[in-house]
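Visitor: model this:
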Amino acid sequence: MRKKPVAERGTLHVLSIESAALKGNPPGDPHVRELHVYAPPGYDESRRYPLFMDVVGYTGSGQAHSNWKPFGLNLPERLDVLTERGELGDGVIAVMPDCFTAYGGNQYINSGATGRYMDYLLDEVVPLVESRFSCHGDREHRAIFGKSSGGYGAMVHGLLRPDFWGGIACHSGDAYFEYAYLADMPDLLDVLSRHEESVEKFLTYAWKHEKLSRSEGMALMMIGMAAHYDPDPNEPVGFQLPVDLHTGEIRWDRWERWLEHDPVRLIDSHADNLRQLRGIYIDCGTQDQFKLLWGARQMHRKLNDLDIRHEYQEFDDNHSDIDYRMNKSLPFLYRSMA
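Guide: Have a look, this model is predicted:
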């Protein structure tokens, strides 16, 4: 039963994609993936539609956003409602890729320790969808959006690849890493101390157990961040952590490798890239439990100082269950493309 019935529903298509970019990835994650693609109500091949890509938060995957959701709307249902309201014109083609990894999620960048996920999305997923569906097929009509790690991915794609994307929406995205990640390092060390201060032994444990505690899940996520931000093929696990596993001392040289990926810092060196985008949307809850509000405010201030047009909002909520914020971002992206 839908929470908000609509007169017409779009169609969810389930495709399979075999990825050359992901084949042989270090964790051994699948290179054949399921790909969910939404076509709007009244889809007409004689028309051209914008392409919107949904990149989800850590521990999620694209299929999760097309699943039934109690007391709420999944992404296809939300797109149906927004289209019926006239906020998305004739509708959009929405892509929900599977980028899940053995580390519990994805930051949507290329990494020697996780795989070439940016290449996967840009060189394989989008071309496949645009060959099967009636899309404009140009950067001016492509947008990428997401929350949390997905918000980070959207922001970084906008910073690095304005030649490909025309619009981005970052909901509560990872930014200002000093607050987003450093505070979780002592908890990671506590977990690793129960596994002889060994990342390898913890990963062996984590990958064998069907259920992890919250602290173990957070430890796996922090390890995943290291795999994305500081790959090192000379290390047994393929990456390095920015802390000494026995004393907890911050390894500033390794931490600097993380900071190279921080959107707050990337704005300084990639401002001209952001100026090429047709639409930039950023928001964050004022009660965000992962302390991401401060990174959002810093991005907002920098964009203002650089005179880069964008939409910025804060809202009275935390980090969890905030998909309703898409009611703001998706119409904004559509208007930017129109």
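Visitor: what strand or helix carries Val126?
Guide: Using DSSP states H and E, the secondary-structure element containing Val126 is helix 126-132.
Visitor: Glu314 too?
Guide: Secondary structure assignment for Glu314, by DSSP H and E: strand 311-315.
Visitor: residues making contact with that strand?
Guide: Contact with strand 311-315 is made by 279-286, 293, 296, 300, 303, 322, 325, 328, 332, as judged by Cβ atoms under 8 Å, 6 or more residues apart in numbering. Just so you know, the C-beta spots here come from the backbone N, C-alpha and C atoms, and that holds for glycine as well.
Visitor: restricted to helices, list those.
Guide: 293, 296, 300, 303, 328, 332 (DSSP state H).
Visitor: considering those residues, which possesses the most neighbours?
Guide: For the ones in helices among the contacts of strand 311-315, counting by other Cβ atoms under 10 Å, the largest number of neighbours falls to Ala296: 28 neighbours.
Visitor: test for you: state the pLDDT assigned to it.
Guide: On pLDDT, Ala296 comes in at 99.
Visitor: show me what contacts it?
Guide: For Ala296, the set of contacting residues under the criterion of Cβ under 8 Å, 6+ apart consists of 170, 172-173, 175, 282-284, 312, 314.
Visitor: sorry, back to before: need the contact partners of whatever helix or strand comes next after the helix holding Val126.
Guide: Elements were assigned by DSSP H and E; along the chain past helix 126-132, the next helix or strand is strand 142-147. Contacts to strand 142-147, defined as Cβ under 8 Å, 6+ apart, come from residues 50-57, 108, 126, 136, 152-154, 157-158, 164-173, 279, 281, 322-323, 325-326, 329-330, 333, 336-337.
Visitor: which helices and strands does the helix or strand encompassing Lys201 pack with?
Guide: Assigning secondary structure by DSSP H and E places Lys201 in helix 199-208. For helix 199-208, the packing partners by 3 or more Cβ pairs under 8 Å, 6 or more residues apart in numbering; DSSP states H and E come out as helix 185-193, helix 214-229.
Visitor: so which of the contacts of strand 311-315 comes closest to Ser148?
Guide: Distance to Ser148, by Cβ to Cβ, is smallest for Ile322 among the contacts of strand 311-315, at 9.3 Å.
Visitor: contacts only, for that closest one.
Guide: Each residue near Ile322 by Cβ under 8 Å, 6+ apart is listed here: 147, 171-172, 285, 315.
Visitor: also Gln240?
Guide: Neighbours of Gln240 in contact, by Cβ under 8 Å, 6+ apart: 226, 230, 232, 251, 254, 257.
Visitor: coming back round to it: may I ask which of the contacts of Ile322 has the most neighbours?
Guide: Comparing the contacts of Ile322 on neighbour count, Ser172 comes out first with 30 neighbours (neighbours: other Cβ under 10 Å).
Visitor: in the sheet, who's paired with Lys147?
Guide: Beta-bridge pairing of Lys147, defined through DSSP bridges, involves His171.
Visitor: domain-wise, how is the chain divided?
Guide: Following automatic domain parsing, one gets these domains for the chain: 11-176+263-337, 179-259.
Visitor: in CSV, list these along with distance to Pro5.
Guide: Shown next, in CSV, are the domains of the chain (distance: least, Cβ to Cβ, whole Å):
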stretch, distance to Pro5
domain 11-176+263-337, 9
domain 179-259, 36
